[in-house]
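Student: 3D, please:
(one chain, ligands or ions: 1)
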Amino acid sequence: MGPLDETRRVALVTGSGKGIGRAVALALAKGGVPVAINYSRSESEARATAEMISEAGGTCRVFKADVSKSDEVHVLFEKTKKELGPVSILVNNAGITRDSLLVRMKDEDWREVLTLNLEAAFLCIRESVRDMAKARWGRIINISSVVGLIGNPGQANYCASKAGLIGLTKSVAREYGMRGITANAVAPGWIETDMTAGLKPEIREAMLKSVPAARPGVPQDVASVVAFLASDGAAYVNGQTIAVDGGMTMV
Ligand code: NAP
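Tutor: The predicted model follows:
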């Protein structure tokens, strides 16, 4: 039996129709864990992710929910519990950017980013910890970002949300460590997804110079680290932030 295919484990990955979330859902499903795939707008991508999982012999369900809304989060976890079982591996991956220089940043750009990137993670953790504590086994993995560690001009809202996730991770790690639950953050650097597809060529070139690995990351680079943190082998890794950035930050 592999490290991820213990019976009765169930994963929920927010925003897993595409990008990093899709790769994480696939990696967990390939490890034998039934996965709840969540999307808010990208239905066809989410269905395609489900197809990939089925083709790989995995089990999944697809659920639409805006995870920034607490009532929708509640229903999402209820449905997952009913169809797959209580969530024991939670990956808070859904995220957005609304970039602009600070003086031009609109109130709603600040709020939208903080609400989805940070508050949604809190809502999902709150929904899942009781069942994890009951089972005395749980894994919470929050997808932060290297810019939550080092900052970035034009991304005050995004960086604040990603730094907030790190504080949230550490608090959960301290509060629930004795119940067999670990909480860790993964901080990706530059990963090729829709989120980074619009970067200007000159910015890509400058970023490439700052990556010792001399290439952008791919979603699977992040997914394999998440799969490790979700495994029994990572039982004693708690409250950490692991950068997956080709050596870009080394903080
Ligand atoms: P992406 O391809 O744009 O994916 C973002 C995901 O978030 C989508 O699946 C999207 O689903 C979901 N989402 C957005 N709003 C949602 C909502 N209200 N409810 C539920 N899901 C929602 O970007 P990505 O690069 O894979 O990003 C995944 C995570 O990695 C994010 O947290 C991002 O901040 C983080 N990250 C990415 C990079 C990078 O370089 N790509 C670097 C560091 C950190 P819908 O389309 O269905 O809304």
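
Student: which regions of the chain sit below the pLDDT cut-off?
Tutor: 1-7 (pLDDT under 70).

Student: residue numbers of it in contact with the ligand?
Tutor: With Cβ under 6 Å from any ligand atom as the criterion, the chain meets the ligand at residues 14-15, 17-21, 38-42, 66-68, 93-96, 116, 143, 145, 188, 190-191, 193-196. Any C-beta I mention is one placed from the backbone N, CA and C, and that applies to glycine too.

Student: repeat the analysis, applying 5 Å as the threshold.
Tutor: Residues of the chain found near the ligand (Cβ under 5 Å from any ligand atom) are 15, 17-21, 39-42, 66-68, 93-95, 143, 145, 188, 190-191, 193-196.

Student: mind listing which of these are in strands?
Tutor: Among those, the members found in strands (DSSP state E) are 39, 143, 188.

Student: let's have those residues in TSV, adding distance to G239 and neighbour count.
Tutor: Converted to TSV, these look like this (distance: Cβ to Cβ, whole Å; neighbours: other Cβ atoms under 10 Å):
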residue	distance to G239	neighbour count
Y39	29	25
I143	16	26
P188	18	26
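
Student: redo the residues you listed as a markdown table? Include distance to A27.
Tutor: Below are those laid out as a markdown table (distance: Cβ to Cβ, whole Å):
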| residue | distance to A27 |
| --- | --- |
| Y39 | 18 |
| I143 | 13 |
| P188 | 14 |
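
Student: mind listing residues that contact the longest helix seen in the chain?
Tutor: Across the chain, the longest stretch assigned as helix under DSSP state H is helix 156-176. Contacting residues not belonging to helix 156-176 are listed as 92, 95, 97-99, 102, 105, 109-110, 113-114, 116-118, 121-122, 125, 129, 132-133, 138, 140, 142-145, 147-149, 151-152, 181-185, 187, 238-239, 241 [Cβ atoms under 8 Å, 6 or more residues apart in numbering].

Student: which residues sit in contact with the closest residue to T59 other than its chain neighbours?
Tutor: In space, and not counting its chain neighbours, T59 is closest to P34: 4.1 Å by Cβ to Cβ, 6 or more residues apart in numbering. Neighbouring residues of P34 by Cβ under 8 Å, 6+ apart: 9-11, 58-61, 84-85.

Student: picking that back up, out of the residues of the chain next to the ligand, which end up buried?
Tutor: 15, 17-21, 39-40, 42, 66-68, 93-95, 143, 145, 188, 190-191, 193, 195-196 (16 or more other Cβ atoms under 10 Å).

Student: quick one, helices of the chain?
Tutor: Secondary structure of the chain by DSSP H: the helices cover 19-30, 43-55, 70-83, 107-114, 120-135, 147-150, 156-176, 201-209, 219-229.

Student: the longest one vs helix 120-135, what angle?
Tutor: Okay, so that is helix 156-176. Between helix 156-176 and helix 120-135, the angle comes out at 10 degrees (axes from the mean of the first three to the mean of the last three Cα atoms, to 10 degrees).

Student: got the angle for helix 156-176 vs helix 107-114?
Tutor: 30 degrees.

Student: what's the answer for the fifth one, then?
Tutor: Per the same axes, to 10 degrees, the angle that helix 120-135 makes with helix 107-114 is 20 degrees.

Student: which strands and helices lie in contact with helix 120-135?
Tutor: Helix 120-135 is packed against helix 70-83, strand 89-92, strand 138-143, helix 156-176, strand 181-188, with contacts defined by 3 or more Cβ pairs under 8 Å, 6 or more residues apart in numbering; DSSP states H and E.
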